[in-house]
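Trainee: Pasted the sequence and its predicted model underneath.
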Amino acid sequence: MGGKDAVLFPDNNASGETPISENGKTDPSRLRWDDVRVFLAIAHTGTLSGAAVRLGAGLATVSRQIERLESALGLTLFSRHQNGYRLTDDGAALLERAQALEHAAEVLSEGSAAQAGVAGRVRLATAETLANYVIIPALPRLAASYPDLTLEVVTDVQTVNLHRRDADLAVRLVKPTRGNVTIRRLGTIGFGLYGARTYMESRPQAAGDTRFEADRFITWCDTYGHLPAAQWVERVLRGRPPALATTTLSAQLSATVAGVGLGVLPHFIARRHDLACVQADLGIDREIWLAIHADLGHSRRIRVVAEFVTALIRESKTDLEIPPAPP
C-alpha cells in the first residue's frame with residue numbers, strides 16, 4: 001500500500017466520496033482535507049467524542065470519515081481501545097505530514113482574513129492557578145481588542161504535548177528541554193506555607209517553630225509526589241501521614257481555608273483568601289515559562305495570545321513573587 005510514503009493533500013472533491021484512480025484503487029494523493037482534520041482531531045483528543053466536540057460534528061460523521069481515510073490509505077491509523085484511540089506506528093508516521101497541512105491551511109486562512117483582523121482559535125495550556133487567577137479574569141481585555149479570537153484554555157497540563165499539537169502554546173512551571181518549541185522566561189511564582197486564621201488560633205506551636213510536629217498538613221496525592229511542594233511537605237512530615245492529600249491545588253486551597261491544616265500555596269492566591277503566612281520562604285519558588293510550537297511562531301493570532309499572556313505575567317510580577325507583609 002501507500003505506507004509511510006503516502007502524501008496527504010487537500011482535495012476540492014465536494015461529493016464526499018473517497019477519490020478513486022482509473023485502475024480502481026484509492027488515490028492517497030487526493031485525500032479530502034476534512035478527513036485529515038478528523039485524523040488530527042482524534043490524534044489530539046484521543047476519542048471520537050472529543051474529536052466531534054472539537055470539530056462541531058456528529059459522532060457518526062467523525063467515525064465515518066476516519067474509516068474512509070484509513071480505507072483510502074490502506075492503513076490502520078489508530079488502535080481502538082476501551083478508553084479511546086491511540087495512534088499506530090503508521091498513524092504516528094503520518095501525523096507530521098497532517099500537521100504540515102493544518103499549518104498550511106492556517107497560513108492561507110490568516111492571509112485571506114488579514115484585512116479583517118485576528119480571528120480563529122488558539123489553544124493555550126497552562127496551570128490551573130494561572131488560568132483561574134491571572135489569565136481568565138483578564139480575558140475581557142483580549143476580547144475587546146480581538147472579538148473574533150477564540151481562546152481554548154487547557155489546564156490538564158499533564159497530558160499536553162505541543163509537538164502533537166495538543167496546544168498551540170503553553171505557560172509552564174517547568175522549563176521545556178525537548179521538542180520543537182521556542183521558549184521565553186516570564187517570571188516566578190513564590191510559594192509559602194499558609195493556614196486559616198481559625199487554624200492558627202488553636203495551633204499549639206510557638207511562633208517561629210519550624211518543626212511542625214503537631215501540625216496537620218495538606219498535600220498532593222502520590223501521583224504528584226514529584227512536585228516540589230509535595231516533596232517539601234514529605235520532608236517536614238518525616239513519615240507522618242498528612243491530614244489530606246488531593247490531586248488539585250484548588251482542593252488544597254479549599255481545605256486550607258476551611259482549617260483542615262497547613263497548605264503550601266502560591267503567595268498571590270493565599271493573599272486573596274486572607275490566609276496567615278506561617279513560613280514565607282520554602283525554597284521551592286517556580287519559574288514561569290512560555291513555550292510555543294516553533295512552526296507556529298509566524299501566526300498572528302498565536303503571537304497576539306503570547307504577547308497578551310507575557311504582558312499579564314509581567315504586570316503581575318510583584319503579586320506573583322512577593323510574600324505578604326508580616327502582621
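Mentor: Okay, I see it. Numbering: from 1, shown residues only.
Trainee: what about stretch 211-230, average pLDDT?
Mentor: Mean pLDDT, stretch 211-230: 92.
Trainee: Buried residues in it, which are they?
Mentor: For stretch 211-230, burial by neighbour count (16 or more other C-beta atoms under 10 Å) applies to F212, D215, R216, F217, I218, T219, W220, Y224, L227, A229, A230. All C-beta atoms are positioned from the backbone trio N, CA, C, and that covers glycine.
Trainee: before we move on, what about stretch 34-54?
Mentor: By neighbour count on 16+ other C-beta under 10 Å, the buried set for stretch 34-54 is 34-48, 50-52, 54.
Trainee: Now go through the residues you listed and say which are in strands.
Mentor: Applying DSSP state E to the buried residues of stretch 34-54, no entry is found in strands.
Trainee: roughly how far apart are the closest residue to A196 other than its chain neighbours and L94?
Mentor: Nearest in space to A196, with sequence neighbours left out and distances taken as C-beta to C-beta, 6 or more residues apart in numbering, is G259 at 4.4 Å. The gap separating G259 from L94 is 54 Å, by C-beta to C-beta, to the nearest Å.
Trainee: who's more crowded, these two?
Mentor: Remark: of G259 and L94, L94 carries more neighbours, 26 against 15, as counted by other C-beta atoms under 10 Å.
Trainee: Help me confirm that R97 is found in a helix?
Mentor: Yes. Under DSSP: H, G, I helix; E, B strand; the rest coil, R97 sits within a helix.
Trainee: quick one, domains of this structure?
Mentor: Residue ranges for each domain of the chain read 3-111, 113-189+286-321, 191-279, as given by automatic domain parsing.
Trainee: Among those domains, which one carries the weakest average confidence?
Mentor: Among those, domain 3-111 scores lowest, with a mean of 69.
Trainee: what separates A196 from H267, distance-wise?
Mentor: A196 sits 16 Å away from H267, going by C-beta to C-beta.
Trainee: before we move on, what about D319?
Mentor: 8 Å.
Trainee: Pick out whichever of those two has more residues nearby.
Mentor: H267 (22 against 17).
Trainee: Make sure that one is actually in contact with T318.
Mentor: No. H267 lies out of contact with T318 (C-beta atoms under 8 Å); the separation is 10.0 Å.
Trainee: tell me which element D281 falls in.
Mentor: Using DSSP states H and E, D281 maps to neither a helix nor a strand.
Trainee: what's around it, how many residues?
Mentor: For D281, the number of neighbouring residues by other C-beta under 10 Å comes to 11.
Trainee: sorry, back to before: just name the closest of the buried residues of stretch 211-230 to A243, please.
Mentor: Using C-beta to C-beta, R216 is the member of those that lies nearest A243, at 3.7 Å.
Trainee: which residues touch the nearest residue to that closest one once chain neighbours are set aside?
Mentor: Spatial nearest neighbour of R216, excluding adjacent residues (C-beta to C-beta, 6+ apart): G261 at 3.3 Å. Counting by C-beta atoms under 8 Å, 6 or more residues apart in numbering, G261 makes contact with G195, Y199, D215, R216, F217, I218, P242, A243, L244, A255.
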